[in-house]
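K.L.:
need coordinates for the below:
(chains A and B)
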Protein chains: 2
Amino acid sequence: MNEVEKFIGYKFKNKKLLTQSLTHKSVNTQINYEKFEFIGDSIINFYITDWLYKKFNNEKENNLSIRRSQLVSKKNLSQISKKLNLHKSIKIDDNINISDRIHCDLFESLIGAIYLDSSYGEVKKIMNYISFYFIKTNTIYDFKGTLISLFKKGKIKNFFLDTIIYKKDKKIYVSKIEMNGFYFYGFDTSKKNAEMNSAQLAYNFYKKSIL
Amino acid sequence: MNEVEKFIGYKFKNKKLLTQSLTHKSVNTQINYEKFEFIGDSIINFYITDWLYKKFNNEKENNLSIRRSQLVSKKNLSQISKKLNLHKSIKIDDNINISDRIHCDLFESLIGAIYLDSSYGEVKKIMNYISFYFIKTNTIYDFKGTLISLFKKGKIKNFFLDTIIYKKDKKIYVSKIEMNGFYFYGFDTSKKNAEMNSAQLAYNFYKKSIL
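P.N.:
Numbering: from 1, shown residues only, chains lettered A, B, ... in the order given. Sure thing, here's the model as predicted:
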């Protein structure tokens, strides 16, 4: 078993899938993790939806949807990826900086590769095994409320939030936040989620700007 | 077996799940299909991703992603729902018109209910069984190209397409089409998909406007 296999507690039947799942396109334009990431992303989304549905059975669909978008966010998945040390096994051009995007993609592609090597049942077992990484992030962080309170305290000069629905039948909401002269956009099929998305971007920007 | 069970070839162990999956919130604000739809949507996304990955193994991730967005679209899922006659078993307030949104939701919630009643393996079997409904829609329809050719032929007076990236690290593209004084927006994490989305909206509008 190599390092990655030890960390996730899964032994690949087809080692080529493991290698491909850790290969960035910069070192191989043909055989890399791009397509594994495509499939892994949808499995993770399904697993987390199922997990949330069962764990927070009394909550409304809208709340579950907010929880899900936080759990499947680049921020959260890249943290899990880092804890699993996936970046230590990556094959990538030395000149490329391993961004959170890449950390996140690595985790998604590994899950995709495990699925292709086995079954959804196997993926579920592994996800259950590493789900304690999710626990810390299963509380809904109220970015919008936090920003409003920072604005009231005078820590943010200008704050303006506006959410509109673009195409009614498509149920696509666009939330725009104007904060200290910068704009942040959130899109979603629910108004609450669209606002949460824009508020999260604005909050992350605020946090960086005060460092 | 009731009508729905016959159509999908699945017998529910827990009939309450079947009933709930066909109940609109207008007749029961508590026990309705909203949360089943939440879970069903993510299962369908996963199933179709897996199906496309295996069926079009030589295609790039970007193409697969376009195919997926067409297959999981409200338009396509509502058509499947209609073919399965799900609306004939819906419990809904008589004053509500059954829109494509509702047809689509019904299909998603039914799939969610089957999953909760059994397993992903069972859902996969049923989806395989009804996957011939997908076959007709597995060709990529080039909405953008069609619009451009309509514009060249003078059938569309004004056509202008502009795609920008909002937040680079979030990889969110917004594509805007201006056509005969109307605006159509598409959002996606890939530029091609964002353009396909806006072009699809514009094309649907064009088709309606010439009737």
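K.L.:
now the residue lying closest to A:Gly112 once chain neighbours are set aside: which helix or strand?
P.N.:
Here the nearest residue to A:Gly112 in space, its sequence neighbours aside, is A:Gly40; by Cβ to Cβ, 6 or more residues apart in numbering or on different chains that works out to 3.0 Å. For the C-beta atoms, the positions are set from N, CA and C on the backbone; glycine is no exception. Taking DSSP states H and E as the criterion, A:Gly40 maps to helix A:34-55.
K.L.:
which residues touch A:Thr23?
P.N.:
The contact partners of A:Thr23, taken as Cβ atoms under 8 Å, 6 or more residues apart in numbering or on different chains, are A:Ile31, A:Asn32, A:Tyr33, A:Ile90, A:Lys91.
K.L.:
the same query, at a cut-off of 6 Å, please.
P.N.:
A:Asn32, A:Tyr33, A:Lys91 (Cβ atoms under 6 Å, 6 or more residues apart in numbering or on different chains).
K.L.:
quick check, pLDDT for it.
P.N.:
Predicted confidence (pLDDT) for A:Thr23: 97.
K.L.:
break down chain A into its strands, ranges please.
P.N.:
Remark: strands assigned in chain A by DSSP state E are A:159-165, A:173-179, A:182-188.
K.L.:
and the last one, which strands flank it?
P.N.:
The strands beside strand A:182-188 in its sheet (DSSP bridges) come out as strand A:173-179 (antiparallel).
K.L.:
and the strand it pairs with, how far out from the chain middle?
P.N.:
On the basis of Cα atoms, centre = their mean, to the nearest Å, strand A:173-179 sits 21 Å off its chain's mean C-alpha point.
K.L.:
mind listing what's buried in that strand?
P.N.:
A:Tyr173, A:Val174, A:Ser175, A:Lys176, A:Ile177, A:Met179 (16 or more other Cβ atoms under 10 Å in any protein chain shown).
K.L.:
got the angle between it and strand A:159-165?
P.N.:
Taking axes from the mean of the first three to the mean of the last three Cα atoms, to 10 degrees, one finds strand A:173-179 and strand A:159-165 inclined to each other by 170 degrees.
K.L.:
what is the rounded mean pLDDT of strand A:173-179?
P.N.:
Mean pLDDT, strand A:173-179: 88.
K.L.:
now A:Tyr203, nearest residue through space, not along the chain?
P.N.:
Leaving aside its chain neighbours, A:Tyr203 sits nearest to A:Phe143 (4.5 Å; criterion: Cβ to Cβ, 6+ apart).
K.L.:
next one: the one you found from chain B, what distance?
P.N.:
Using Cβ to the nearest Cβ, to the nearest Å, we find A:Phe143 at a distance of 15 Å from chain B.
K.L.:
quick one: that residue and A:Leu201 touch, right?
P.N.:
No. Look at A:Phe143 against A:Leu201 with Cβ atoms under 6 Å: they stay out of range, at 8.6 Å.
K.L.:
on that earlier part again, list the contacts for the residue nearest to A:Gly112?
P.N.:
For A:Gly40, the contact set (Cβ under 6 Å, 6+ apart) comprises A:Glu108, A:Ser109, A:Ile111, A:Gly112.
K.L.:
thanks again, I'm all set now.
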